[in-house]
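>>> No sequence on hand, only this structure:
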């Protein structure tokens, strides 16, 4: 009897996702329109991804390398992303708010000939790019993507390699043309593994997806992370505060990822409610807040019990964790959320690092800090001054191989295996504190370093 040698399953996003689906196939993966739209179970997502990836490996698409993706946040965006990368091709997510000229630059630079989109962009793209192969998420469109899947041969596993480029991210071009950041399957999986070790996720966790999916912070933390942990993702209807709160209540959201501005608005709304309450209730709040602060200093989280009625009144009682990134948030706001019973996590990262570099752990939060480095991510301060402040540099499997067709900028970014972030910071008690941007540093006549931030 001849035993055929078993081939090793390749390390890539699709194979990582597909491996976990049989554990809970009927669990809901995606919910559209604030939980009131179309739902997809994990099994349904897997089946669609298999068919779509197979289709993208056939005929005229066999030699297609980069495939564009532009739409509002929705389940089909995630399905297309997984299928494109499963086919061993590169996803090029495009910011839905870019101007026509900026979109044209991305098309020219990445050589996109195929794109997945929604009804909002369909006419514009077809009018602007005559030879474009377009697949629409709009059921009424003759280009509706599911119409092409009936005869496709589905894949069983993805043959994409760990070092293949999974996604090409175009950064902001405020000081020139955008740079195209290459992220491999290995980069993203390394970051996902680090996040998973940092925080414990449960299968009944429900994420609210708010931030644009083209952004690496949302794509990694609000899309791939919950998906690889068999959580559910609800796509919010809008960024309006009233609808966000309604979506949280209706779906019993447990985890929400956002940027500081969003959490600051929520913070001020809660404060207005407290300040409009009778004087006795205001005094009670301040007393309980002080008690929560004292318990925090001794390692306790008394605020979860003390402020349960407040969270219920605000329709936030289902939420156990807020994650903030993309910019700095005032320490007082982080402290506020933690004291009233949430795990409020501040992190730090950049697109070129897939993106998370450091983050606070729920059991080790230091207000004002960005936390400690993820496992297998090295971070150090280059040429620190007398206060320990210097440029933050990092290395690890999460770091980009470089910018597409831009060796000069890649060489400026990465030296001897270390990525130079351009951010200034220092370490204190193992936690990273950001002090500013290197290019913004002002040196006074007396030789003192001044950080405008």
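On my side now, so go ahead. Just so you know, these numbers come straight off a predicted model, no measurement behind them.

>>> Walking through the stretch 301-450 of the chain, point out its strands one by one.
Counting by DSSP state E, counting those that start in this stretch, the segments of the stretch 301-450 of the chain that form strands are 321-324, 343-349, 356-359, 372-373, 377-382, 390-396, 402-403, 414-415, 418-428, 431-437, 442-443, 449-450.

>>> Considering these, which stretch scores lowest in mean pLDDT?
Per-stretch mean pLDDT for the strands of the stretch 301-450 of the chain is lowest at strand 442-443 (a mean of 50).

>>> low pLDDT regions in the protein?
1-7, 173-175, 440-453 (pLDDT under 70).

>>> Would you map out the domains in it?
As assigned by automatic domain parsing, the chain contains the domains 13-256, 259-450.

>>> ok, back up a step: can you say which of the strands of the stretch 301-450 of the chain is nearest to residue 104?
For the strands of the stretch 301-450 of the chain, proximity to residue 104 was assessed by CB to CB; strand 402-403 is nearest, at 19.3 Å. C-beta: built from backbone N, CA, C; applies to glycine.

>>> any idea which of the strands of the stretch 301-450 of the chain is most buried?
Sort the strands of the stretch 301-450 of the chain by mean neighbour count, taking mean count of other CB atoms under 10 Å, and strand 356-359 sits at the top with a mean of 28.

>>> Mind listing the strands that one pairs with, and their directions?
Applying DSSP bridges, strand 356-359 is found paired with strand 343-349 (antiparallel), strand 372-373 (antiparallel).

>>> would you list these in JSON lines and tack on distance to residue 296?
Rendered in JSON lines, the data for the strands paired with strand 356-359 read as follows (distance: least, CB to CB, whole Å):
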{"stretch": "strand 343-349", "distance to residue 296": "12"}
{"stretch": "strand 372-373", "distance to residue 296": "18"}
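
>>> between these, which gets nearest to residue 78?
Nearest to residue 78 among these is strand 343-349; the distance by CB to CB comes to 20.7 Å.

>>> How about residues contacting that closest one?
199, 217, 263, 320-325, 329, 334, 337-338, 355-360, 362, 365, 369-371, 432, 434 (CB atoms under 8 Å, 6 or more residues apart in numbering).

>>> Tell me the bridge partners for residue 209.
Beta bridges link residue 209 to residue 235, judged by DSSP bridges.

>>> Report the contact partners of it.
Residue 209 makes contacts with 73, 218, 222, 223, 233, 234, 235, 236, 257, as judged by CB under 8 Å, 6+ apart.

>>> Surely the second one is within a helix?
Yes - following the definition DSSP: H, G, I helix; E, B strand; the rest coil, residue 218 is counted among the residues of a helix.

>>> element containing the residue nearest to it when sequence neighbours are not counted, please.
Spatially, and ignoring its direct neighbours in sequence, residue 218 is nearest to residue 211 (3.8 Å; CB to CB, 6 or more residues apart in numbering). Residue 211 belongs to no helix or strand when elements are defined using DSSP states H and E.

>>> So residue 211 sits against residue 257, correct?
Yes - using CB atoms under 8 Å, residue 211 is in contact with residue 257, at 6.5 Å.

>>> And the two? Which one has more around it.
Applying other CB atoms under 10 Å to residue 211 and residue 257 shows that residue 257 carries more neighbours, namely 26 against 21.

>>> wait, what's in contact with that one?
Taking CB under 8 Å, 6+ apart, one finds 207-211, 217-218, 221-222, 322-325 in contact with residue 257.

>>> now residue 303
288, 292, 295, 296, 338, 339, 340, 341.

>>> Next step: these restricted to helices.
Counted as lying in helices by DSSP state H, out of the contacts of residue 303, are 288, 292, 295, 296, 338, 339.

>>> Columns distance to residue 56 on top of those, output as CSV?
Output for the ones in helices among the contacts of residue 303, formatted as CSV (distance: CB to CB, whole Å):
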residue, distance to residue 56
288, 56
292, 52
295, 54
296, 51
338, 45
339, 50
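
>>> Sort out which one of the residues you listed lies nearest residue 117 for me.
For the ones in helices among the contacts of residue 303, the nearest to residue 117 is residue 338 (40.4 Å; CB to CB).

>>> That closest one and residue 293 touch, don't they?
No - using CB under 8 Å as the test, residue 338 is too far from residue 293 to be in contact (9.4 Å).

>>> Now do the spatially most central residue of the chain against residue 15, distance only.
For the chain, residue 218 is the residue whose C-alpha lies nearest the centre (CA atoms, centre = their mean; 2.3 Å). In this view, residue 218 and residue 15 are 23 Å apart by CB to CB, to the nearest Å.
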